[in-house]
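Student: Structure for this input, please:
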Amino acid sequence: MNARDRTSGGIGGDAGPGSDGPISLVGSVAAGGLAFLAYLWLAPPVAGAGDSSELTIALARNGVPHPTGYPLYTLLGHPFVVLLHRLGASWDYAANALSALGGGIAVGLMHALARRLVPPGAHGSRRMHDLAALIPVALFALNPAWADVTTLAEVYSWHVAWAMGAALAFVGLMRSLTDEARTEREGDPSPPPNRRRAQAAAWGLLCGIGLSHHATAVLVAGPLSFVLLLTLASRRRLGPGLVENALLGALLPLSSYLTLIVKAAHPGAGVWTRLEPTWVGLMGHVTGAQYRGYLGRFHPGPSDDRVLVLHVFPPLFVMIALLGVTVLGAREAAQRRILLTLLAVVAFQTLFGFLYDVPDPASYFIAPLALALAALPALAASLIAMSPRLRAVATWAGVGLALLAAGQLGPQLTIGLGRRDLLVAIDRKVHDQWISIPVEQGIVLWGDDFQSRLNEYQLFGGERPGLHVISPWDMTVPLARARFVSRYGFDPFGSPSTTPGRVLPPAVSGPAYQAFLEAFARQLHAATHQPVVVLRSSFDSVRVVDDEPSAAPGAVAGR
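Tutor: Reported below is the predicted structural model:
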């Protein structure tokens, strides 16, 4: 057998009897396709809370979302969303369908990764391994935390798809390097340098795609790239040409960040209001500088706290422990290194989730959960390799997990359908509140992320064009504040020398923020002849600020 027979020749290649083939491809495509159809079914025809409306507008207008900007997401998602809209879908459903597509691709790649993690020569037929790879997919595909980001306009389904693809490529490259070393020891020639350079460029391109989409991709690309470099160096195959090709490959997708400064120079609908059209502004946006204050704590909101406790943490912690067992049970050094690297990736991502103080952190635990679950078939193979007597244990454990996944299907679908109906009902309440505003021109204050929902009604429905919707939180940012002064001729905080005590986060419903909102509204009312309207996040209050005694000068800034 020569080197060409033993090695795959591609970045995602594999080796060994029964490790690859048409059945694996069909199974992965089928799993991804079914998941995609399920997510399309569960996707509501309206936007959700959080970033959903903002991202829908950015996709429809090819704009710039919140940091870190997600340039490839908007550049490639824009034509997809426009096409679906022209075919009759609402803008919201078209943007939700983009997430559903990312979710389907992620599930298909998860099946392929679970299949590929089974070591070459493991006990069982190829078909058995394909079926075993469906078990982690079934346990994950309708998890409520995952279904949430695959049925609404969000960036996380595509991030998980990329993470699955990067892990799959990493396993292929590691197996290919192992086979090349083996064939060289047997006297076969090593692969040509051009092939290695092409693989390095492809790996760099893949890492660049991840880093140009979501900043946490560094927690995946970093450990995987480090182990690949370490492996190449240990076998004396790491040269400056490979590193150069990888860096050049990464720069291609990373250059998409330059489009943000071009879009920022033309502010409008879909362009983040706090993005300055300067190189300093671009770097601050790309690096997520305004979110650094969230690092170091963990305090999820009530909604995400429930999702984490019920649907994320139990399987995640169990699978981290089982992945550690799988590492210890791996018989070959190459397999052990692959699994240990994936364990490090899972650990880094999980740790980051616990160090990011946002009210909705559940999405940051989804990628590590999927990667850990994908190792289940490899765990079964390790158990069987330890002792033939454990074969029955692995088989019955697989049957039990398959039954568990089947038993979860109905309740998880019920949760998804209920959530879809709830989002439709919430949108109806928000819209009723919006159309009940008793003035046609004025300033509307909305203190949380539903501000973008009101912008949707204006942009896509042409409703209430004379109303200017702003968030008091936005006004604490110098650029947005300067644009307000340019439009109205007065400073929203009383004077240019007055600055807020601290930047307030959105989506805060506590008494402190409500006091800030009230003082801000009265300060605006005292400074302009236009009506000032305050909407409450309870969706049941529309109030035009009257001429009652206004807050004392500087009251807004004194918080």
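
Student: all helices for the stretch 251-400 of the chain, in order.
Tutor: Assigned by DSSP state H, counting those that start in this stretch, the helices in the stretch 251-400 of the chain fall at 258-264, 279-286, 302-307, 313-329, 333-354, 366-373, 376-386, 391-435.

Student: most packed of the ones you listed?
Tutor: A comparison of the helices of the stretch 251-400 of the chain by mean neighbour count, using mean count of other C-beta atoms under 10 Å, puts helix 366-373 on top with a mean of 28. C-beta: built from backbone N, CA, C; applies to glycine.

Student: Return the distance of that helix from the chain's centre.
Tutor: 13 Å (C-alpha atoms, centre = their mean, to the nearest Å).

Student: re earlier: and the helices of the stretch 251-400 of the chain: which comes nearest Val118?
Tutor: helix 376-386 (5.0 Å; C-beta to C-beta).

Student: Taking helix 313-329 as reference, get the angle to that closest one.
Tutor: 40 degrees (axes from the mean of the first three to the mean of the last three C-alpha atoms, to 10 degrees).

Student: so how far is helix 376-386 from its chain's centroid?
Tutor: A distance of 30 Å separates the centroid of the chain from that of helix 376-386, by C-alpha atoms, centre = their mean.

Student: Look up the closest residue to the most centrally placed residue in the chain, ignoring the ones flanking it.
Tutor: The centroid of the chain falls nearest to Tyr156 when counting by C-alpha atoms, centre = their mean (1.7 Å). Counting by C-beta to C-beta, 6 or more residues apart in numbering, Tyr156 lies nearest to Val149, which is 4.1 Å off, once chain neighbours are set aside.

Student: Check which helix or strand the one you found maps to.
Tutor: For Val149, the element it lies in under DSSP states H and E is helix 144-150.

Student: which strands and helices sit next to that helix?
Tutor: For helix 144-150, the elements it packs on are helix 22-42, helix 91-116, helix 156-185, helix 302-307, helix 366-373, helix 391-435, judged by 3 or more C-beta pairs under 8 Å, 6 or more residues apart in numbering; DSSP states H and E.

Student: Touching that helix from outside, list them.
Tutor: The list of residues contacting helix 144-150 from outside it, by C-beta atoms under 8 Å, 6 or more residues apart in numbering, reads 35, 39, 42, 48, 99-100, 102-104, 106, 140, 154, 156-157, 160, 307-308, 310-312, 362-363, 365-366, 369-370, 412, 415-416, 419.

Student: out of these, which are buried?
Tutor: Taking 16 or more other C-beta atoms under 10 Å as the criterion, what is buried in these is 35, 39, 42, 48, 99-100, 102-104, 106, 140, 154, 156-157, 160, 307-308, 311-312, 362-363, 365-366, 369-370, 412, 415-416, 419.

Student: quick one on the thing from earlier: residues contacting the residue nearest to the centre of the chain?
Tutor: By C-beta under 8 Å, 6+ apart, the contact set of Tyr156 is 149, 214, 363, 366-367.

Student: Out of those residues, the closest to Gly268 would be?
Tutor: Among the contacts of Tyr156, and counting by C-beta to C-beta, the member closest to Gly268 is His214, at 24.9 Å.

Student: Just give me the neighbour total for that closest one.
Tutor: 22 (other C-beta atoms under 10 Å).

Student: isn't it right next to Gly69, touching?
Tutor: No: here His214 lies out of contact with Gly69, judged by C-beta atoms under 8 Å, at a distance of 10.5 Å.

Student: would you say Phe490 is within a helix?
Tutor: No: counting by DSSP: H, G, I helix; E, B strand; the rest coil, Phe490 falls outside a helix, being coil.

Student: excluding its backbone neighbours, what's nearest it?
Tutor: Ala527 (4.8 Å).

Student: I'd like the distance from the one you found to Gln458, if you could.
Tutor: Using C-beta to C-beta, to the nearest Å, Ala527 is found at 24 Å from Gln458.

Student: swap in Val477?
Tutor: 21 Å.

Student: Gly249 now?
Tutor: From Gly249 to Gln458 the distance is 42 Å (C-beta to C-beta).

Student: Settle it for me: which of the two has more neighbours?
Tutor: Taking other C-beta under 10 Å, Gly249 and Gln458 do not tie; Gly249 has more neighbours (23 against 17).

Student: ok so, going back, mean pLDDT for the helices of the stretch 251-400 of the chain: which is lowest?
Tutor: With a mean of 82, helix 376-386 has the lowest mean pLDDT of these.

Student: and Tyr39, what does it touch?
Tutor: 99-100, 103-104, 147, 150-151.

Student: Pick the one among those residues closest to Leu316.
Tutor: Proximity of these to Leu316, judged by C-beta to C-beta, is greatest for Ala147, which lies at 16.1 Å.

Student: next SSE after the helix or strand Ala480 falls within?
Tutor: Secondary structure assigned from DSSP H and E places Ala480 in helix 478-488. With elements assigned by DSSP H and E, the helix or strand that comes after helix 478-488 is helix 511-527.

Student: Please identify the buried residues of stretch 163-181?
Tutor: Neighbour-count burial for stretch 163-181 flags 163-180 (criterion: 16+ other C-beta under 10 Å).

Student: what's the weakest-modelled helix or strand in the chain?
Tutor: Ranked by mean pLDDT, DSSP states H and E, the weakest helix or strand in the chain is helix 3-6, scoring a mean of 39.

Student: Just the CA trace of stretch 220-227, in CSV.
Tutor: The C-alpha trace of stretch 220-227 is given here as CSV (Å, rounded to 0.1, in the frame of the first residue of the first chain):
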residue,chain,number,x,y,z
VAL,A,220,-11.4,27.2,18.9
ALA,A,221,-8.9,28.2,16.3
GLY,A,222,-6.1,29.0,18.8
PRO,A,223,-5.8,25.6,20.5
LEU,A,224,-6.4,23.6,17.2
SER,A,225,-3.7,25.7,15.4
PHE,A,226,-1.3,25.4,18.3
VAL,A,227,-1.5,21.6,18.3
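
Student: List the buried residues of that stretch.
Tutor: Along stretch 220-227, these residues count as buried under the neighbour rule (16+ other C-beta under 10 Å): 220-221, 223-225, 227.

Student: Can you tell me which of these is nearest Trp434?
Tutor: For the buried residues of stretch 220-227, the closest approach to Trp434 (C-beta to C-beta) belongs to Val220, at 40.5 Å.

Student: What score does the closest one have for pLDDT?
Tutor: Confidence score, pLDDT, at Val220: 97.
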